[in-house]
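A.B. asks: This is a predicted model, with the sequence first.
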Amino acid sequence: MTTPALHPRITLDPAICHGQPTVRGLRYPVQNVLEYLASGMTEAEILADYEDLEAEDLRACQAYAADVLHVRSVYRLAS
């Protein structure tokens, strides 16, 4: 199991969820957690529905996504 140093709550394991980033290896893909938040679910609703998750896990998913999407430069390819 590989854990990115900056995101210890996010795990990558080829044997879990086809290698997608998951929360602490619990088979909760980061993508799903982000979709719950994007759909308007509150943190409290998510934590009530998924008792294995903790508030820190939700913040870790958001931080992981922000780091993955971090772009240093944007170049126009066509005009």
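C.D. replies: Arrived safely.
A.B. asks: all helices for the chain, in order.
C.D. replies: Secondary structure of the chain by DSSP state H: the helices cover 30-38, 43-49, 55-68.
A.B. asks: Show me what counts as buried in the shortest one.
C.D. replies: To tie it back to what came earlier, the one meant is helix 43-49. Neighbour counts over helix 43-49 (16 or more other C-beta atoms under 10 Å) mark Ile46, Leu47 as buried. C-beta: built from backbone N, CA, C; applies to glycine.
A.B. asks: In JSON lines, list the helices of the chain along with mean pLDDT and distance to Val23.
C.D. replies: Shown next, in JSON lines, are the helices of the chain (pLDDT from 0 to 100; distance: least, C-beta to C-beta, whole Å):
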{"stretch": "helix 30-38", "mean pLDDT": "98", "distance to Val23": "7"}
{"stretch": "helix 43-49", "mean pLDDT": "98", "distance to Val23": "11"}
{"stretch": "helix 55-68", "mean pLDDT": "94", "distance to Val23": "5"}
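A.B. asks: how about those, which one is nearest Arg24?
C.D. replies: When the helices of the chain are compared by C-beta to C-beta, helix 55-68 sits nearest Arg24, at 6.8 Å.
A.B. asks: helices and strands around that closest one, which ones?
C.D. replies: In terms of contacts (3 or more C-beta pairs under 8 Å, 6 or more residues apart in numbering; DSSP states H and E), helix 55-68 is packed against strand 10-11, strand 22-23, helix 30-38, helix 43-49.
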